[in-house]
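Novice: The following comprises the amino acid sequence and a computationally predicted model.
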Amino acid sequence: MSALVDITGQVFGRLTVIGFAGTANNRALWLCRCECGSEHVAQGKLLRNGKVKSCGCLRMEWSKLYRPTHGDARRGKRTRLHRIWTGMLNRCRNPSNQAFKRYGGRGVAVAWPSYEAFRDWALANGYRDDLSIDRIDAAKGYSPDNCRWSTYSEQASHLSSARAVIRSDGKRFEHVADGARESGTTTANIARAIKTNTKAGGYGWRYDQESISTKS
């Protein structure tokens, strides 16, 4: 075993290391305290690489959120609305998600307490399979008073020409339309690429967080 590096006091996910707990199979073990109040022993390697983030409570919470008690998440028959719900949760609550820094990392939260509550709101407020959820004020989270259903083209127009974007090669465009024109794509495609973490015109895209008048 290599020289022991003391990680006491460091925080990994929900776990704070409170002391060395010995070794097992030539691996250093550390006693941690979870945010939920429980204590948990974990390998230092697994803490550092992010494979252990809690005492197990995080997994239980995700299990409750995703447990298919409503029929919309049955294997092979998962609805589009349920995919939208889980996408929101991942962006806002899962630090491993690629989009977390732009959502949960910026304080964007999901206000609906359950999928059923979200589904009822969606069906009562114009949801269709050709529409996507759109935050009216991008500085605020996903909530009934800050969300609407719109097409990607409508979302692109909601961006307004004042919304700056950054292309994956690092080039910044003060206006969405300028980026679309130079990249041979459309503002609607850029809006779709940002929301779905895909590409438009051969590039990835993100909003410039320093720009104002954000609508996404």
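Specialist: Received it, and whenever you're ready, just let me know what you need.
Novice: Excluding chain neighbours, what is closest to the residue nearest to the spatial centre of the chain?
Specialist: When CA atoms, centre = their mean is applied to the chain, the residue found nearest the centroid is R91 (1.1 Å). Spatial nearest neighbour of R91, excluding adjacent residues (CB to CB, 6 or more residues apart in numbering): Y103 at 4.0 Å. Backbone N, C-alpha and C define where each C-beta goes, glycine included.
Novice: Residue ranges in the protein under the pLDDT threshold?
Specialist: 1-2, 61-77, 156-162, 209-216 (pLDDT under 70).
Novice: which other residues reach the helix ranked longest in it?
Specialist: For the chain, the helix that runs over the most residues, judged by DSSP state H, is helix 80-93. Residues from elsewhere that reach helix 80-93 (CB atoms under 8 Å, 6 or more residues apart in numbering): 65-66, 72-73, 97, 99-100, 102-104, 108-110, 115, 118-119, 122, 127, 129, 132-133, 141-142.
Novice: need the next SSE after that helix, C-terminal direction.
Specialist: Scanning forward in sequence from helix 80-93 by DSSP states H and E, the next helix or strand is helix 115-124.
Novice: Next, the buried residues of that next one.
Specialist: Residues 115, 118-119, 122 are the ones in helix 115-124 that count as buried (16 or more other CB atoms under 10 Å).
Novice: do stretch 168-177 as well
Specialist: Across stretch 168-177, burial judged by 16+ other CB under 10 Å covers 173, 175-177.
Novice: Mind checking which of these are in helices?
Specialist: 176-177.
Novice: Closest one of the buried residues of stretch 168-177 to M60?
Specialist: Distance to M60, by CB to CB, is smallest for V176 among the buried residues of stretch 168-177, at 41.4 Å.
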